[in-house]
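Q: The sequence and its predicted three-dimensional model are supplied below.
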Amino acid sequence: MTSYLLKRVLGAIVVMWAVATLVFFMLRAVPGDPLQAMLFDIGDPHAADVLRHKYGLDRPVYVQYALWMWNVAHGDLGASIYGSRVPVTQIIAEAFPRTMALALFAFVIAMAIAVPAGIVSAVRKNTPLDHGFTFLAFLGLSMPDFWLGIVLIIVFAVKLHWLPAIGFAPLSQGFGPWVEHLILPATAIGTAFSAILARMIRSSMLEVMKADFITVARSKGLVETRVVLKHAFRNALIPVITVVGIAFALLMAGAVVVENVFAIKGLGRVLIQGILNRDYPVVQGAILVVSAIFVFMNLVVDVLYTFIDPRIRLR
Amino acid sequence: MTDPLPLLEPGVPVAQARRKRARWLKLLLADRRASISLVVLVVLVGAAVFAPYVSPAQPDAMAFDMLTPPSWAHPFGTDDLGRDLLSRVIFGARISIFVGIVTVVSSMLIGVLMGLLAGYYGGWLDTVIMRYIDLQWAFPNFIIAVYLVAVFGAGLSNVIIAVSLAFLDDFARIARGMVLTVRERDYVEAARALGASDLRLMLRHILPNSLAPLIVQATVSVSYAILAEAGLSFLGLGVKASTPTWGLILSDGRSFISRAWWLGIFPGVAIMVTVLAINFFGDFLRDVFDVREAAVEEGA
Amino acid sequence: MGKDPNDTDAAKRRTLEREIEEAKEFDPEDPLFGLTVEELSGPRLSRRAVLRLMAAAGALSALRFAPGLGDVAYAQGTAGGHLKAGWAGTGEIQTLDPAQINQVLEFQIASNVLSGLTHINPKLVAEGDLAETWTVTPDGLHYTFKLRQGVTFHNGDPFTADDVLYTFNRSKNPDLSIQSSVLAGVDNVVKVDDHTVRFDLKAPQASFLVKVLERSSGRAMAIVNKRAIEEMGASAYGLMPVGTGPFKVTAHQLGQGVELEKFADYYDPSRPKLDKVTITPIVEPEPLAAAIEAGDIQIIGGNPPAAELIDRFVANPDLVVSQIPGPGFQSLWLNPWKDPMRVPDFDKPFSELVKEKGFMVRLAIAKAFDRADLIKRALFGRGVPAFGSINPAMGYFYDDAIDGTSEQRFDVAAAQKLLADAGFPGGKGFPTMKLTITPAGRREGQIIADILKRNLGITVELDAKDFPVLIEEFDANNYDMLRVGSGGDYDPDDGLVDWMLTTSKFNGPKRDKATEAFGYFSDKEVDSLTAQERVEPDLAKRKALVQQANKITSDKVASAFLYHPLDILVYRKEIVYPAESRIPGLVDLDRVSFA
């Protein structure tokens, strides 16, 4: 087990290094000079050169790469090229909790919708109820998330005045405002995910309910609810756990777009804005962190999987 | 790492598939949802192909009546530049469905090839391919697409390349997994024993039997691709401005939605109906390919 | 009081207008000419002196449109309250450090936090801010400022002459500040005593008090705090600068927003009225509109809100929309090095130029634009047709007749004939042109494409590029057609010197200089007229020179000029935004309160 873990962690680090390297060099192939754009209005051609030299952007790319790697190894991700050169670690440290809160909340919303819908669909297979849930699930899956976000804002913020239209309130401002600000964006992200989850739970429930041990349980005369909840659902969760791994991927992808709609500066927006501004250190840092999260999540899921289902052999 | 969609059933032997062909039609006719979906898809593709003949106006012709609500002259109303929304939605079907199909077909071809090679030959080839897939797996597809478009620049072909590359890993992963399960089956062993070549084995025996989950994955991916294009358009990374796509119509209309609901509703519904029909049909395909489930039903 | 307040207002207005006219009669290069030293010295400049300085800075015209002309009484609000502001069109407030600020939306905030030696008041009169009084030597080279005593920074440090010197030395250093060129005209700053400083100029500079010392436009001399910079480090200071202004920054999370709180020890105890201000950057137009409609935010600052939202705001009884001319121009640039718009040499009379095929095409394109239609569709009517880089906010220098005299004036038939004469009747055979735009400019790009297609039969393909790429291609002359423009142009030189000279900073600085003699335009006559107007002592003559140069750039199609934007401020009606604070481009909140 330990050697397995060690192997996996090492593998994860290699993947992250490869990603970081790829990103570093590809980013420099993207056309567009951040300094020239930043100083366009100043119009002092010398100013850009002064800064370029000061930030070391006039050095050969491989030297920049070596320096960056060296700094990363020492926990320094550099600083944003724009404005006051805020350290990337600070930008990410601020954005990370927001995206996490958003993802977590979206996950909770998705689970709250998906679990009952999935179970009922499976148990009442091919009834109008199942068809209804299926239809709703696919409906949720079919709406572009930014569009759903805008519709939610118009309905719940502008027309009904129930919830704030935009922004993020940190937990330090109290639980109430925190939740209020999260509901709409999390719903916009979570809807599609709940649909996937519900379908997955349905399928895997159907699978499990055909299995021998359920038949056995039934033949033992157990009450159907008990069979469904205790035996079937628990076993049906095994494949669902895997989805949690990709859940974060889905939620992050949703966050990139939805954070833009709701003016929340999370990791997704840091990334997009960094790309659009050609803010190299920010993009490099954000991608490094995002990939670290994914690699780590996958690792956790795999390890978890082996605990839940001992049949799975560790390689 | 584990498969993303473990709920998919492994393939069925060839002989059974033959028998199934007749059953297909019967099942399709019996499944009202699937048959309606198919009709909708045929209509949509038809509209896309014959867009210049069925749409009432040129999609980029600007009239001076901006933001007029739906009327007889403009059944879907006009947009903020006075363009006929119905025509734009019809023409939008072209690019949107085109993007969906082309990206999925190309990523499926490359992905399946990678998966087949990796699964069949194993060894260093498997390691190299799987490492690459792991690398890609570390990122959400959408973010990969965003990044690639940023590198290549916005535009139709770049969006297609970006989204195709982003979807590669799903297909490769499924294909490899299927090869691994099918490879050890008796009939494959038998064929190998009879001296069948690797290529023949892969194309005639392994691939057809891995087809079912791939097709299901493909249908789902088409809908993701359509949505991904919409998302890219929203972020300003989509197809060029003069080419209408559903995503672009939606994202261009987004600051008018509360004033002109039709700008949000019609392209939104177009995406929704298409994705819904694709998903329902994919669902039907899943049921068709899933023999065990079908058998239980037939027996019941 | 027995007197009709409207009469008083009208009388005041007349007086002020007379003074403005009078002020314009003086030499803009040396507007101090003929004024007594008393008039020039502070506590505040005499109105006559200030108006002349403003005329020199090109800022007078804004006054003409300012709603607060004269002392119009405004509703008194109550003190206290928490104002929630949205900053439009931006994802984050990148910096509030005056040495790093390069966007209007940043110094709008900094102006509420930092003080300068002077600040313009509602009538655009430069008042002492941290300078209490000042004297000027008759040669206009030495300014001695008596600094306000008992002023403290937000961190409790007392404000003294040393802070002025520190700020000056910091801003002058190109390694620390991007504003160093602003201070190029200052030879030296001398500390006379703890509360007296003297600025020695290299040459008289008419706009010195406003352009160099004013706290918002003269970012270079907004006073910063040495101890805070040293303790916090430059990047943390950039997020939460410590100054002597009416508000202090209490929190700033990049991209999430800035929180300001009333600075209790501000030198004017009657200000600020508000207890707290939060500023949230909002990129998307719909959420921005939703937020102010729902009351989540109460005022919109930052970039101008998206044009399509303005009608909606105007129609909303909960909102107040204030519109005044904005100082800038927007153009469609036509690359003169690309066929079939090629014009490698503009140095010939118009009558000869117009016989060249390349020029015919350029002129045809420029003439094909019905600016009114473009403004209606692209800006929902909120703009002024443009025929040159001199904008209507420059008032006195603006050529009111240019829409009738410019060769670029809209005429479809003439445009079509020009195109036909150039060998492309009805656009036949004309190659597909690429129009480079930013992703945000796509909507307008589509309208431009539609107009060119409709009026000339020319097909234009949009090419959306992120701003950094667009700028690179503009600087390197790497485009067919490109949409970019200018803002914050208060002086004719901002339009002519920055844009229209062969040596202008935007005129293809990164082009291939071996094969291309200039970027987008070069004309010896314009160069020489501009050189003259910069030093022309007579205002009327300067005006004539400016307009002449402007007309040539228009006739010879330096670019297809499209429109001048408006400056628009939107706030909810429960907010009292006194006319006193309505300065184009700024969002000063120190007098803002709740009704």
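A: Cool, the structure landed.
Q: what about the stretch 201-300 of chain B, any weak spots by pLDDT?
A: B:210, B:239-243, B:289-300 (pLDDT under 70).
Q: mind running it again at 80?
A: In the predicted model of the stretch 201-300 of chain B, residues B:201-213, B:215-216, B:220, B:234-243, B:254-255, B:257-259, B:283, B:286-300 satisfy pLDDT under 80.
Q: Which residue would be the closest one in it to chain C?
A: B:Gly236 (3.2 Å; CB to the nearest CB). The C-beta positions use only the backbone N, C-alpha and C, and glycine is treated the same way.
Q: what about that residue, how many neighbours?
A: Neighbour count of B:Gly236, defined by other CB atoms under 10 Å in any protein chain shown: 19.
Q: so what's it up against?
A: Contacts for B:Gly236 (CB atoms under 8 Å, 6 or more residues apart in numbering or on different chains) come out as A:276, B:154, C:439-440, C:442, C:464.
Q: The stretch 151-300 of chain A against chain C: which residues are in contact?
A: Residues of the stretch 151-300 of chain A lying close to chain C by CB under 8 Å from any CB of the partner chain are A:153-154, A:157-158, A:161, A:164-168, A:260-265, A:269-270, A:273, A:276-278.
Q: one more time with 7 Å, if that's ok
A: Contact residues (CB under 7 Å from any CB of the partner chain) of the stretch 151-300 of chain A with chain C: A:153-154, A:157-158, A:161, A:164-168, A:260-263, A:265, A:269, A:273, A:276-278.
Q: give me the number of residues near A:Gly83?
A: So A:Gly83, with other CB under 10 Å, has 24 neighbours.
Q: how about the residues of chain C near chain B?
A: Counting by CB under 7 Å from any CB, chain C sits next to chain B at C:285-286, C:306, C:308-309, C:312, C:377, C:439, C:442-443, C:445-447, C:449-450, C:461-462, C:464.
Q: on that earlier part again, could you identify the most distant pair in the contacts of B:Gly236?
A: By the measure CB to CB, A:Leu276 and C:Arg442 form the most distant pair in the contacts of B:Gly236, at 14.3 Å.
Q: Can you give me the distance of the residue sitting nearest the centre point of chain B to C:Leu201?
A: Centroid check for chain B by CA atoms, centre = their mean gives B:Val222 as the closest residue, at 1.2 Å. Distance of B:Val222 to C:Leu201, given as CB to CB, to the nearest Å: 69 Å.
Q: One more: A:Ile275?
A: From A:Ile275 to C:Leu201 the distance is 45 Å (CB to CB).
Q: Between those two, point out the one with more neighbours.
A: Shown here are A:Ile275 and C:Leu201; by other CB under 10 Å, A:Ile275 has more neighbours (26 against 19).
Q: Cross-check the contact I'm expecting between the more buried one and A:Val283.
A: Yes - the pair A:Ile275 and A:Val283 passes the contact test of CB atoms under 7 Å, sitting 5.7 Å apart.
Q: Just the element for the residue nearest to the centre of chain B, please.
A: For B:Val222, the host element (DSSP states H and E) is helix B:207-234.
Q: ok, that helix near chain C or not?
A: No - counting by CB under 7 Å from any CB, chain C is not contacted by helix B:207-234; separation bottoms out at 9.4 Å.
Q: Tell me if C:Val320 really is in a strand.
A: Yes - assigned with DSSP: H, G, I helix; E, B strand; the rest coil, C:Val320 falls within a strand.
Q: Thought C:Lys573 was touching it, still the case?
A: Yes - using CB under 7 Å, C:Val320 makes contact with C:Lys573 at a distance of 5.6 Å.
Q: Understood, closing this out.
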